[in-house]
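1. no sequence for this one, just the structure:
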């Protein structure tokens, strides 16, 4: 007897005109895990028990929420206890769960022309495909907020998470909403504004304690660099022309078949 379980993504990108309330753009796509997403899934299912010492008599203690530093190590507060002592010798090798969605102007479905101000701020090509699992992240990510160095630049938008009812759950949905001033300008009114930004790619990212300076394609004097790698999933689509009158809703479903 064999039971197969496949995991796939459905992605919906919508643009809504705030003046009319009407949907002016919709893209629906299906996706696969990137190689970085597959690595994430494997590590999400595994403790690092290489140095684990069996405690007899039981119970063995589950690893502490604070563990040794590493690329996929969970830390509750970023502080290592004095002396680095933990109640268990097993370490957490679990990556954090999906928490952010980012957008960009890259991908092979954006044939241009890209406005000069946008192309200058976010240089690069448009060659990446969402059918290539070796892609590591967005090709030309765009900043969500810039704020002229007053507060950190933000590259990733937190998601709202929903689960279907009743149980058993067979999918989870991550939704990020990009508002009127997001992408086109900052929140303080003193930033460079981009009247039209042709959004054509999206990436799903795990939680990080630094969403503003996460994973770096473009470095400003006033902010730390951002690197577009380490995405769990990636999607390209025909351009959605983001203006200050358009709200973008990005919905990513992780489906278990």
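-> Here it is on my side, so go on. Here the structure is a predicted model, which means the values were calculated and not measured.
2. where does the chain have low pLDDT?
-> 1-3, 47-95, 146-153, 186-192, 208-228 (pLDDT under 70).
3. what about 50?
-> For the chain, the stretches with pLDDT under 50 are 65-89, 150, 189-190, 213-225.
4. show me where it has helices.
-> For the chain, applying DSSP state H gives helices covering 35-44, 116-121.
5. hey, which of the ones you listed is tucked in deepest?
-> Highest mean neighbour count among the helices of the chain (mean count of other Cβ atoms under 10 Å): helix 35-44, with a mean of 17. Quick note: C-beta positions are derived from backbone N, CA and C, even for glycine.
6. so what are the domain limits for this protein?
-> 7-39+96-256, 47-93 (automatic domain parsing).
7. Which residue ranges of this protein form strands?
-> With DSSP state E as the criterion, the chain has strands at 7-17, 23-31, 98-104, 157-158, 160-162, 171-178, 197-206, 233-242, 246-256.
8. my guess is residue 26 meets residue 13, correct?
-> Yes - counting by Cβ atoms under 8 Å, residue 13 is a contact partner of residue 26 at 7.3 Å.
9. In terms of neighbours, single out the busier of the two.
-> Counted by other Cβ atoms under 10 Å, residue 26 and residue 13 do not tie: residue 13 has more neighbours, with 24 against 13.
10. quick one: contacts for the nearest residue to that one once chain neighbours are set aside?
-> Nearest non-adjacent residue to residue 13, counting by Cβ to Cβ, 6 or more residues apart in numbering: residue 27, 4.4 Å away. The contact partners of residue 27, taken as Cβ atoms under 8 Å, 6 or more residues apart in numbering, are 11, 12, 13, 14, 237, 238, 240.
11. thinking again about what came up before, check the strands of the chain for me and report the most buried one.
-> Greatest burial across the strands of the chain, using mean count of other Cβ under 10 Å, falls to strand 197-206, with a mean of 26.
12. So which elements touch it?
-> strand 7-17, strand 98-104, strand 233-242, strand 246-256 (3 or more Cβ pairs under 8 Å, 6 or more residues apart in numbering; DSSP states H and E).
13. Could you list the paired strands of that strand along with their orientation?
-> strand 98-104 (antiparallel), strand 233-242 (antiparallel) (DSSP bridges).
14. sorry, back to before: any chance of the contacts of residue 27 in JSON lines, plus distance to residue 130?
-> JSON lines is the format used below for these (distance: Cβ to Cβ, whole Å):
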{"residue": "11", "distance to residue 130": "9"}
{"residue": "12", "distance to residue 130": "14"}
{"residue": "13", "distance to residue 130": "12"}
{"residue": "14", "distance to residue 130": "18"}
{"residue": "237", "distance to residue 130": "8"}
{"residue": "238", "distance to residue 130": "12"}
{"residue": "240", "distance to residue 130": "15"}
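15. which one of these sits closest to residue 184?
-> Nearest to residue 184 among the contacts of residue 27, counting by Cβ to Cβ, is residue 240 at 12.5 Å.
16. what's the closest one in contact with, if anything?
-> Contact analysis of residue 240 by Cβ under 8 Å, 6+ apart lists 13, 15, 25, 27, 198, 199, 200, 246, 248.
17. if you set the cut-off to 10 Å instead, what comes out?
-> 13-15, 24-27, 103, 110, 197-200, 202, 246, 248, 250 (Cβ atoms under 10 Å, 6 or more residues apart in numbering).
18. And for residue 204?
-> 9, 11, 31, 33-34, 37, 98-102, 156, 159, 174, 176, 231-235, 250, 252, 254.
19. again, 6 Å this time
-> 98, 101, 232, 233, 252 (Cβ atoms under 6 Å, 6 or more residues apart in numbering).
20. How about it, nearest residue that isn't a chain neighbour?
-> Using Cβ to Cβ, 6+ apart, the nearest residue to residue 204 is residue 233, at 4.4 Å.
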